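1. Curious how this folds, go ahead:
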Amino acid sequence: MRFDGFVGPTYQARSLNFNSERCVNLLPEIDQSGQGKSKIAYYHTPGLQLYVTLAATEMRCLWSGENRVLAVGGNLYGEIFDNLGVPYFTPLGFVDYDLQPAYIYHNGNQPLIVSAGKVYYNNGAGPVYQLDAVSAAFLDGYFLALEPNSNRIRLSALLDGTSWPALDFQDQTTTSDRSVAIQAFDKHLWIFGRRNTHIWYNSGNADFPFQPIQGASIGQGALQHTIVELDNSLFFVGEDDRGGSAVWRTRGFEIERVSTHAIEKKIANPLATQFQSWGYEEEGHKCYVLTEYSGTYTFVFDVTTNLWHERAYWYNGAYEPHLGRCHCYATSGFAGGGMHLIGARNGGNVYTQSMNLYTDAGEPIRRWRSAPHLSDENKRTTHHSFALDTDVPTTKVTLAWSKDDGATFTTARAPSITPALVDDRKCPTWLRLGQSRDRVYGVAIYDHAGPVCVTDAYLELSKGTGA
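-> Residues are numbered from 1 along each chain as shown. Below you'll find the predicted structure:
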């Protein structure tokens, strides 16, 4: 029989006895034709390839636009060039450094850098300090900056990031909630606090052009480094006055929850600096990537399928968070353009990311699926066979199972039957799998530097009694 639900999302509930599903480095894709062998299949997640290395510690920002790629790694700011496929990095100066992300904005002529609570303008010779701020935006010809530990928004002169008139500011006074970030989105200025969000528009006011939209407030705040524009929306990890954390998506001036209870268990009571997010689109998959970069995991929400999966770096026999910390897409105007660039969380490397890459910069990507529970009212069941419908070589697939709700697994087993490629069945099969009352199967795909597709799994079982 078909193993219903074998191909599915990550969902590790508070109690593994309820649900212990994991989907690591496997990308669920829903069949849109209605004629596929199954309704949903797994493909491989994209791999990484080293592109260029900055003389710095961890990467903190990548920005692309105006046919350029700018970067901040550690305290070093500079530009990435590509000479006929040979990339190199040119340092342009230094900025203040902390362990948090940096940000770059552009008005079409001038880059503005926000790093460690300070704003810098690049005059062509290197970063020049302008003012203290924790967040910035560019909207309608103006740079805007949020002063530290305040609700004050500063305004630059029109199209000039070197001029910040002392009297050009406005305080957010709708609530007492301390503002943590500002974001230009859909021709509006979004002001995020930890508990509330306010939306301003360009009113044309001569004293300060941006003013609150009456009634356009959201009773949900955000963690500063989780705000990402994707699929004509903003995605962010948010909290409110009632407690709890969730991942939200904007719909106009309203929001909707996109996280699951299982994800919310993982991100409960977050520190303000604990998470960082970035987004990208490849082959129609629009992905919001959420990393606990000082922790243990990376969760990815695929907007196209509304499903969550995990990304992880396999190192020294265990999973770590995905290597990526920041992202930009270098468009075709850039010398080496049309590529996703990923800044590393653990060093000064910049990688290219693609579905046509099958390792993490040469390291194998270990892919793992913990399947749903197999239980029939606690009756003893005999497991005769398990078959995996996949195009992965059978020598690269193992099967294990758990007797304790997915907390631990048996020693991995190679397939009992490994059909040759001329066999049109092509399903690695495991035989004589014993008995259980409740079992969680786990499939690993390892050391396979090639494409992955898992269409389904099949079981042959004999139902028993409650004895």
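2. Which neighbouring elements make contact with the helix or strand where residue 288 lies?
-> Assigned by DSSP states H and E, residue 288 belongs to strand 285-291. Under the contact criterion of 3 or more C-beta pairs under 8 Å, 6 or more residues apart in numbering; DSSP states H and E, strand 285-291 touches strand 228-230, strand 276-282, strand 298-302, strand 324-330. For the C-beta atoms, the positions are set from N, CA and C on the backbone; glycine is no exception.
3. For residue 413, which non-adjacent residue is closest in space?
-> residue 399 (5.3 Å; C-beta to C-beta, 6 or more residues apart in numbering).
4. sorry, back to before: orientation of the strand holding residue 288 relative to strand 298-302 in degrees?
-> Orientation check (axes from the mean of the first three to the mean of the last three C-alpha atoms, to 10 degrees): strand 285-291 against strand 298-302 gives 160 degrees.
5. quick one: strands adjacent to strand 285-291?
-> strand 276-282 (antiparallel), strand 298-302 (antiparallel) (DSSP bridges).
6. quick one: average pLDDT of that strand?
-> Taken as a whole, strand 285-291 has a mean pLDDT of 97.
7. Next: stretch 329-342.
-> Averaging the model's pLDDT scores along stretch 329-342 yields 91.
8. what ranges of the chain fall below the confidence cut-off?
-> For the chain, residues meeting the criterion pLDDT under 70 lie at 272-273, 418-426, 466-467.
9. Find the residue at the geometric middle of it.
-> residue 289 (0.6 Å; C-alpha atoms, centre = their mean).
10. where's that residue relative to residue 145, distance?
-> Residue 289 sits 26 Å away from residue 145, going by C-beta to C-beta, to the nearest Å.
11. Residue 83 too?
-> 35 Å.
12. One more: residue 167?
-> According to C-beta to C-beta, residue 167 and residue 145 sit 15 Å apart.
13. what do you get for residue 58?
-> Distance of residue 58 to residue 145, given as C-beta to C-beta: 24 Å.
14. higher neighbour count, the two?
-> A count of neighbours by other C-beta atoms under 10 Å puts residue 145 above the other of residue 58 and residue 145, at 26 against 19.
15. Return the distance of the more buried one relative to residue 61.
-> Relative to residue 61, residue 145 is positioned 16 Å away (C-beta to C-beta).
16. Repeat that for residue 144.
-> Taking C-beta to C-beta, one finds residue 144 at 18 Å from residue 61.
17. Compare the two (neighbour count), which wins?
-> A count of neighbours by other C-beta under 10 Å puts residue 144 above the other of residue 144 and residue 61, at 26 against 22.
18. Now for residue 25, how many residues are close by?
-> By other C-beta under 10 Å, the residues close to residue 25 number 26.
19. correction: residue 188
-> By the measure other C-beta under 10 Å, the count of residues near residue 188 is 17.
20. Next, the contact list for it, please.
-> By C-beta atoms under 8 Å, 6 or more residues apart in numbering, residue 188 lies in contact with 139, 199, 200, 201, 213.
21. just residue 47 next, same as before
-> Residues in contact with residue 47 (C-beta under 8 Å, 6+ apart) are 353, 354, 357, 358, 359, 360, 365.
22. let's go with 7 Å and repeat that
-> 354, 357, 358, 359, 360, 365 (C-beta atoms under 7 Å, 6 or more residues apart in numbering).
23. Tell me who's in contact with the spatially closest residue to the last one that is not a sequence neighbour.
-> This means residue 365. Of all residues not flanking residue 365 in the chain, residue 25 sits nearest, at 5.3 Å (C-beta to C-beta, 6+ apart). In this structure, residue 25 makes contact with 45, 311, 312, 365, 366, 367, judged by C-beta under 7 Å, 6+ apart.
24. measure residue 25 to residue 7 for me?
-> From residue 25 to residue 7 the distance is 14 Å (C-beta to C-beta).
25. How about residue 235?
-> Note on residue 235: its distance to residue 7, by C-beta to C-beta, is 25 Å.
26. So between those two, which is more surrounded?
-> For the pair residue 235 and residue 7, the greater number of neighbours falls to residue 235 (26 against 23), based on other C-beta under 10 Å.
27. Now do the closest residue to residue 225 other than its chain neighbours: how many residues are near it, please.
-> Computed as C-beta to C-beta, 6+ apart, the closest residue to residue 225 that is not its neighbour in sequence is residue 276, at 4.4 Å. Look at residue 276: counted by other C-beta under 10 Å, it has 25 neighbours.
28. in terms of contact, does residue 276 touch residue 293 like I think?
-> Yes - assessed by C-beta atoms under 7 Å, residue 276 is found in contact with residue 293 at 5.5 Å.
29. got any residues that touch both of the two?
-> Common neighbours of residue 276 and residue 293 (C-beta under 7 Å, 6+ apart) are residue 325.
30. Give me the distance between the closest residue to residue 229 other than its chain neighbours and residue 281.
-> Spatial nearest neighbour of residue 229, chain neighbours left out: residue 185 (5.9 Å); criterion: C-beta to C-beta, 6+ apart. Here residue 185 is placed at a distance of 17 Å from residue 281 (C-beta to C-beta).
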